[in-house]
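Q: Generate a structure from the sequence data that follows.
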Amino acid sequence: MRKASHLGIKSAFLIVLYLFTLMGLSCGLYAQSADSRITELQQSLKTAESDTIRMDIYHQIGLNFNELNIDSALLYLNKSLVIAQRLDLKIDEASIINNLGYMANKVNNYPKALEYFLQTEKIAENPENEQSVWWVADATLKRAERLEVLGYNYMTLGHLFGSIGNISKQISGYQQSLKIGKEIEDLSIIYLCYLNLAWSYYHLGKVDSALYSIKNVYDATAETGIENLKYFGGIPHLEGKILAENSETDKALKAYNLASRLLEKHQSYNQLGDLYQSKSKFYKGLNQLDSSLVYGKRAVQVFKSIEDSEGIANTYKDVAHIYRQLDEPDSAFSYLEQATSIKDSLQALEKENITAFQSVGFNETLRLKKLEDEKIQTQFQIRVYALIFGIVIVLIIALLLFRNIKTKKTANEQLQHQKNKVDQALVELKATQSQLIQAEKMASLGELTAGIAHEIQNPLNFVNNFSELNNELIDEQIEEIEKGDLEEVKDLALLMKANGEKINHHGRRADAIVKGMLAHSRTGKGEKELTDINKLADEYLRLSYHGLRAKDSSFNADFKLDLDLDLPKVNVVPQDMGRVLLNLINNAFQSVGTKHVSSNISDSTNASSDLQPTVTVSTQKMENGIQITVSDNGTGIPENIKDKIFQPFFTTKPTGQGTGLGLSLSYDIVKSHGGELNVQSIEGQGTTFTIRLKTLE
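A: Predicted coordinates:
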């Protein structure tokens, strides 16, 4: 059950007349017979004007051979794949590979099917590959095309797990596919997932869940009409089986007949053989053996036409039982002998394929781990080489400077002596300035420390917990290995892998917090980069609040975020802009804290004592940039010092509690980014600092 192609969108882009005949409705929503469709497509090849058109036609022909001739289907799909890879059309490549996996699963080549599905997932999960979607220009549609391929891959992966008897993972695959289908509003994915889920729940004996999924199929396709849906016949087929089991014979027969009409109309041979087999059993249950025999032989014919050995063997066995009841032992023995022969060969092949399938899954896990280890090693080597290179450059510069100084000293010793004095004074001045700036950084870092500790504790707890859980799982895995239960070992390995991913995720989260702290304390100038100001504001607001709370448990204030979700990223030095936000937010919290303390010791009738101390950080998209505001309802700034607050070393804090450089440095940082920092304040009511930055330099 696979979507035919994306040609409906591509035809509008290429404006090629013949593609109009290929549009159809997605995922088999067409009524033409496969034979006439193939003939029509082969004729179109003769007039194909480009490789992309030929690629699409080969893909279409391969899909139409799906239920007629597997070898022909594979031939045309591989022709399409060669063109897609040569043109580097990644999303087309992923779609074709997924269909090859679907074909491999049909012929019980499970390891090859898994290999194809893993290739598809790797391509379709990468957003960068959206750029290869050449037939649409809109970024949203490009993303939808990529997710559509990923959704179908989850669905076909569910088919694969169902083929090896893992129904729980089969259902999980369908549910992942359904989630994507709903996200991109793809009717084909949605109704096919519900159809597949209905059968999966039925095989698990969960009839109520199966009926609920059937209802969802009808709801999803209410506006489309069942006549146009190629695989819809699977729904009345399942309804017929459930009704027959409940002895509702007339309703069951009516459902079976509807299923026959729909599946025969659309030549859905895979499902048609299963339906005839179900009808044979139905008539056998009614003791109508002649009718049962007719449908049994029809099922055999269909299974032979699509080379479904398992279907042939199962139906031979059913037909043998019918002949036995008809008291025709020779015919019964003949069919039973053929069924047994096919079953024996299938069981041997099935065992071999499942073993290979498990090996592919295990090898893929090892391959991913090896790639991750190589990536870490490469990053380490790059850092080492960069450090060595930096040291060499510094040494070369030092040697050149030394030779230059020595030459000048020889030429004019007195002049050099005076120059050295000036240079020494300048060095000392810069060192003093750097020390003052670093002191301000470390002061703000000290205020952040408690907040960072609070933020970093959560991911560390997760790392510890999942590490302990993995130790327990390893013990269980050792026990299962000793028992020889490889399926359980595999499940435990997958659990450990999932836990490892969670450990990695929370480790990265802790790493990001530490890197942010290091960046904040680092000396020298950072590099500008496109920065999410909303994320920066949220991070420093929380760190500032938790830091102040850790220093003074009696401190209490409310804080609010009012962020513009459409805010564009801005090219800034993140640690510098973070330092500006931290200074402004710390000042705001200290202002509302001071006012709160003052109001608590003042007369209880004072109106300000009823006002909740609040700091608000907001962002807004402007015409040529963005605006960030930090507001508080604290003490405000007296009018007589408002013009001095951006001057270096000016502070209203008690001696020893501030350097007087916070607002001065913040003002300089904003100016160096081509922005503006302004303040509005009313004494006793509050203060608002406004930062304006340009989005384009």
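
Q: Counting neighbours, which bits of stretch 686-697 end up buried?
A: 686-693, 695 (16 or more other CB atoms under 10 Å). The C-beta positions use only the backbone N, C-alpha and C, and glycine is treated the same way.

Q: quick one: the helices in the stretch 51-200 of the chain?
A: 51-64, 70-86, 90-106, 110-124, 139-163, 167-183, 187-203 (DSSP state H, counting those that start in this stretch).

Q: Then the stretch 551-697 of the chain?
A: 574-601, 662-672.

Q: Quick check: which of the ones you listed is nearest to Ala124?
A: Ala124 sits nearest to helix 574-601 of all these, at 31.7 Å, using CB to CB.

Q: buried residues in the closest one?
A: For helix 574-601, by 16+ other CB under 10 Å, it's 574-593, 595-596, 599.

Q: try stretch 540-557
A: 540-550, 555, 557.

Q: could the helices of the stretch 51-200 of the chain go into JSON lines alongside mean neighbour count and mean pLDDT?
A: Listed next are the helices of the stretch 51-200 of the chain as JSON lines, based on neighbours: other CB atoms under 10 Å; pLDDT from 0 to 100:
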{"stretch": "helix 51-64", "mean neighbour count": "23", "mean pLDDT": "87"}
{"stretch": "helix 70-86", "mean neighbour count": "18", "mean pLDDT": "88"}
{"stretch": "helix 90-106", "mean neighbour count": "25", "mean pLDDT": "89"}
{"stretch": "helix 110-124", "mean neighbour count": "22", "mean pLDDT": "88"}
{"stretch": "helix 139-163", "mean neighbour count": "22", "mean pLDDT": "89"}
{"stretch": "helix 167-183", "mean neighbour count": "19", "mean pLDDT": "90"}
{"stretch": "helix 187-203", "mean neighbour count": "24", "mean pLDDT": "89"}
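
Q: do you know which of the ones you listed lies nearest Ser247?
A: Counting by CB to CB, and looking across all of the helices of the stretch 51-200 of the chain, nearest comes helix 187-203 at 17.2 Å.

Q: can you state the direction angle for that closest one and helix 167-183?
A: Between helix 187-203 and helix 167-183, the angle comes out at 160 degrees (axes from the mean of the first three to the mean of the last three CA atoms, to 10 degrees).

Q: mind checking how far helix 187-203 is from the chain centre?
A: Distance of helix 187-203 from the chain centroid (CA atoms, centre = their mean, to the nearest Å) equals 23 Å.

Q: just stretch 289-299 next, same as before
A: 49 Å.

Q: And stretch 209-229, by the same measure?
A: Offset of stretch 209-229 from its chain centre (CA atoms, centre = their mean): 28 Å.

Q: buried stuff in that stretch?
A: Buried-residue list, stretch 209-229, by 16+ other CB under 10 Å: 209-211, 213-214, 216-217, 220-221, 226, 229.

Q: Between the two ends of it, how far is it?
A: 22 Å (CA to CA, to the nearest Å).

Q: Pull up the per-residue confidence for Leu429.
A: Note on Leu429: pLDDT of 59.

Q: contacts for stretch 470-478?
A: For stretch 470-478, the surrounding residues in contact (CB atoms under 8 Å, 6 or more residues apart in numbering) are 489, 492-493, 495-496, 499-500, 503.

Q: Looking at the residues you listed, which has the smallest pLDDT value?
A: Within those, pLDDT is lowest for Asn499, at 75.

Q: Tell me how many other residues crowd the nearest residue to that residue once chain neighbours are set aside.
A: Nearest non-adjacent residue to Asn499, counting by CB to CB, 6 or more residues apart in numbering: Phe466, 4.5 Å away. Number of residues near Phe466 (other CB atoms under 10 Å) recorded here: 22.

Q: Distance check, Phe466 against Leu77.
A: As defined by CB to CB, to the nearest Å, Phe466 lies at a distance of 42 Å from Leu77.

Q: Please work out how many residues are found near Asn314.
A: Other residues lying near Asn314 total 21 when counted by other CB under 10 Å.

Q: Tell me if it really is in a helix.
A: Yes. Assigned with DSSP: H, G, I helix; E, B strand; the rest coil, Asn314 falls within a helix.

Q: Following element in sequence after the strand or helix carrying Lys490, please.
A: Here Lys490, judged by DSSP states H and E, is contained in helix 486-521. Next helix or strand after helix 486-521 toward the C-terminus (DSSP H and E): strand 529-531.

Q: Poorly predicted segments of the stretch 501-650 of the chain, please.
A: Applying pLDDT under 70 to the stretch 501-650 of the chain flags the ranges 506, 509, 512-513, 515-526, 595-610, 649-650.

Q: Buried only: go through the contacts of stretch 470-478 for me.
A: Buried among the contacts of stretch 470-478 by 16+ other CB under 10 Å: 489, 492-493, 496, 499, 503.

Q: Save those as CSV, and put in distance to Ile533 too.
A: Below are the buried ones among the contacts of stretch 470-478 laid out as CSV (distance: CB to CB, whole Å):
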residue, distance to Ile533
Val489, 49
Leu492, 44
Ala493, 43
Met496, 39
Asn499, 35
Ile503, 31
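
Q: of those residues, closest to Gly296?
A: Of the buried ones among the contacts of stretch 470-478, the one sitting nearest to Gly296 (CB to CB) turns out to be Val489, at 41.3 Å.

Q: which two from the buried residues of stretch 540-557 end up farthest apart in space?
A: Tyr540 and Phe555 (17.0 Å).

Q: pLDDT check: weakest of the buried residues of stretch 209-229?
A: Ile226 (71).

Q: Look up the closest residue to it, ignoring the ones flanking it.
A: Per CB to CB, 6+ apart, closest to Ile226 is Phe232, 4.7 Å.

Q: Check Leu495 too.
A: Leu495's closest residue in space is Leu473 (CB to CB, 6+ apart), at 5.7 Å.

Q: Could you say which helix or strand holds the one you found?
A: helix 413-483.

Q: show me what contacts Leu415?
A: Lys408.

Q: Next, count neighbours for Lys265.
A: 13.

Q: Just read off the phi/psi values of it.
A: Backbone torsions for Lys265, taken as degrees, to the nearest 10, come to phi -60, psi -40.

Q: could we number from 33 for the rest of this?
A: With the count now opening at 33, the last piece we talked about shows up as Lys297.

Q: Could you check the pLDDT of it?
A: 82.

Q: quick one: it and Ile258, what's the gap?
A: On the measure of CB to CB, Lys297 and Ile258 end up 11 Å apart.

Q: go on, Val662?
A: 60 Å.

Q: what domains does the record give for this protein?
A: 33-217, 444-553, 561-726 (automatic domain parsing).

Q: Would you mind saying which of those lies nearest Tyr315?
A: domain 33-217 (25.3 Å).

Q: quick revisit: want to throw the domains of the chain into TSV with distance to Arg356?
A: Formatted as TSV, the domains of the chain follow (distance: least, CB to CB, whole Å):
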stretch	distance to Arg356
domain 33-217	29
domain 444-553	36
domain 561-726	71
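
Q: Nearest to Gln413, out of these?
A: Nearest of these to Gln413, taken as CB to CB: domain 444-553 at 19.4 Å.

Q: So which residues of the stretch 333-482 of the chain form helices?
A: 341-357, 361-443, 445-515.

Q: Check what pLDDT the closest residue to Asp340 other than its chain neighbours gets.
A: Of all residues not flanking Asp340 in the chain, Gly305 sits nearest, at 6.4 Å (CB to CB, 6+ apart). Looking at Gly305, its pLDDT reads 82.

Q: contacting residues for Gly305?
A: Per CB under 8 Å, 6+ apart, neighbours of Gly305: 331, 334-335, 338, 340, 343, 347.
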